[in-house]
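Asker: could you look at this predicted model? Sequence included:
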Amino acid sequence: MRPIIEFCVSNMHFGTDEVMEKLEENPDYDVIEYGCLNNCGLCSAAPYALVNGEIVEAESADKLYELIMNKIKEMEAWDALDFDLD
């Protein structure tokens, strides 16, 4: 399954804009920017994104990128496991 990574425009002051641009370079990812993701408390406190609907948050934009990549790898591993079971 293609990962869908969603960002809130109001969270960009944490540097998530750079994370988003980096992820957009990969054609296998669907990266979407929204005006609001309705997580205002989190959005004002830390860098975050949604990866296939799951919140991923970190203490810095660099760490957020790392955690997003880890989440994608985790999802790919589950996808491979599901495929092997069929």
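Answerer: Received it, and whenever you're ready, just let me know what you need.
Asker: any idea which element residue 55 lies in?
Answerer: Using DSSP states H and E, the secondary-structure element containing residue 55 is strand 54-57.
Asker: before we move on, what about residue 28?
Answerer: With elements delineated by DSSP H and E, residue 28 resides in a region that no helix or strand encompasses.
Asker: just the pLDDT for it.
Answerer: Looking at residue 28, its pLDDT stands at 95.
Asker: contact partners for the closest residue to it other than its chain neighbours?
Answerer: If the residues on either side of it in the chain are set aside, residue 28 comes closest to residue 2, at 6.3 Å by Cβ to Cβ, 6 or more residues apart in numbering. The way it works is simple: take the backbone N, C-alpha and C, and place the C-beta from them, glycine included. Residue 2 makes contact with 28, 29, 30, according to Cβ atoms under 8 Å, 6 or more residues apart in numbering.
Asker: helix, strand or coil for residue 2?
Answerer: coil (DSSP: H, G, I helix; E, B strand; the rest coil).
Asker: and the gap between it and residue 40?
Answerer: 28 Å (Cβ to Cβ, to the nearest Å).
Asker: what does residue 23 give?
Answerer: According to Cβ to Cβ, residue 23 and residue 40 sit 23 Å apart.
Asker: are we agreed that residue 49 is in a strand?
Answerer: Yes - under three-state DSSP, residue 49 falls within a strand.
Asker: and it, how far from residue 81?
Answerer: Residue 49 sits at a distance of 24 Å from residue 81 (criterion: Cβ to Cβ).
Asker: neighbour count winner among those two?
Answerer: It is residue 49, of residue 49 and residue 81, that has more neighbours when counted by other Cβ atoms under 10 Å, with 26 against 9.
Asker: any chance you could list what contacts whichever helix in the chain runs longest?
Answerer: Using DSSP state H to define each element, the chain has its longest helix at helix 61-85. Under the contact criterion Cβ under 8 Å, 6+ apart, helix 61-85 has outside partners 1, 3, 5, 14-16, 18-19, 22-23, 29, 47-49, 51-52, 54, 56-58.
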